[in-house]
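Asker: no FASTA, just this:
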């Protein structure tokens, strides 16, 4: 197992880092908070080929693996890019596995945004992470994997939230196409959900890494009692803990990517572990960075509050990290049975 990046993977990372530095500035992130979506950034994201990175080459994609997508997600998280990354990537890969080339065409061009309903069951009974902007969603309804178009007349107005997310509920679903049934449908859906876990974890690693950078830079210039506050152990040591934690979270993400790309047996547990650990680490890292700013940390003029709010929201929008610990336990030790110990 070699988790180091190849030259090609570093090139992918650097290309998207440059894109997001230029196109996902704090000003653009603030302007997109009402909808959670920047259409101009999405167009550039599609033009650079991001939407096809993880899709098989015979379906028009780049034929990359989950690790390449995780690198993109990490850079998107670092700049709080207001575009859908995790669910759309997992949905596109699911369509690729099914060789749904007709559906994939507009998805890869960016003209159709397809997301993933992250909970099994009817779409109308759950809040969709990208529901306010998605043109279609993949969902597991009963024993069928279905492609559901946005209802006609649906207004792209999301639920107001503190995380700058495009949350929304759909009313009556639009046109529905059954893509797979039975065990095949469940397997494809479960794989897509595990990929979302890993990609959200990677985005949280990027988010928290930048938050630590913002906090530590502030601690260098902010003085108290005649010296920078970063000189005090109570400020410096939690930053060191955060950096160590983020290294571990990134390692877990990359190991989960390697396991999924290599079709290892323990991929489900690793994906859930990566999500839980990244969510917890990101929360503690952004919380300390916010506290270092004092009262300024809660002012909208300071960028750190953008990271603090999203550290919690990005994780919670997918799942409660504490409940995800049950997923880890189920994958490692088998489902919990009723009765005594």
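Answerer: Noted; the coordinates are in hand. Predicted, not measured: the structure shown is a model, and the values here were computed from it.
Asker: does residue 94 really touch residue 188, like I thought?
Answerer: Yes: under the criterion of Cβ atoms under 8 Å, residue 94 makes contact with residue 188 at 5.3 Å. Using the backbone N, CA and C atoms, a C-beta is placed for each residue, glycine as well.
Asker: Give me the below-cutoff pLDDT ranges for the stretch 51-200 of the chain.
Answerer: 153-158 (pLDDT under 70).
Asker: follow-up on the earlier one: what's the overlap in contacts for residue 94 and residue 188?
Answerer: Jointly contacting residue 94 and residue 188 under the rule Cβ atoms under 8 Å, 6 or more residues apart in numbering are residue 145.
Asker: which stretches of the stretch 101-250 of the chain form strands?
Answerer: Listed in chain order, the strands of the stretch 101-250 of the chain (DSSP state E, counting those that start in this stretch) span 114-116, 136-141, 144-149, 176-181, 223-224, 227-228.
Asker: Mean neighbour count, those: which tops it?
Answerer: Ranked by mean neighbour count, the strands of the stretch 101-250 of the chain are led by strand 114-116 with a mean of 26 (mean count of other Cβ atoms under 10 Å).
Asker: just to revisit the earlier point, right, so of the strands of the stretch 101-250 of the chain, which gets closest to residue 53?
Answerer: Among the strands of the stretch 101-250 of the chain, the nearest to residue 53 by Cβ to Cβ is strand 114-116 (15.2 Å).
Asker: And the contacts of that closest one?
Answerer: Here strand 114-116 makes contact (Cβ under 8 Å, 6+ apart) with 84, 87-88, 90-92, 94-95, 103, 107, 128-131, 134-139, 147, 192-193, 196.
Asker: What of stretch 248-256?
Answerer: Applying Cβ under 8 Å, 6+ apart, the external contacts of stretch 248-256 come out as 1, 3, 66-67, 70, 74, 197-198, 201-202, 204-205, 208, 267, 270-271, 273-274, 277-278, 281-282.
Asker: So which of the contacts of strand 114-116 sit within helices?
Answerer: 87-88, 90-92, 94-95, 103, 107, 192-193, 196 (DSSP state H).
Asker: ok now do the most centrally placed residue in the chain, which residues does it touch?
Answerer: The C-alpha lying nearest the average C-alpha coordinate of the chain belongs to residue 200 (Cα atoms, centre = their mean; 2.7 Å). Contacts for residue 200 were tallied using Cβ under 8 Å, 6+ apart; they are 73, 86, 275, 278, 314-315, 318.
Asker: Which two of those residues have the greatest separation?
Answerer: 73 and 315 (13.5 Å).
Asker: what's the pLDDT at the residue of the chain positioned farthest from its centre?
Answerer: When distances are taken from the C-alpha mean of the chain, residue 226 lies farthest, 41.6 Å away, according to Cα atoms, centre = their mean. As predicted, residue 226 sits at a pLDDT of 94.
Asker: ok now do it, which residues does it touch?
Answerer: Listed by Cβ under 8 Å, 6+ apart, residue 226 has no contact partners.
Asker: Right, I'll call it a day here.
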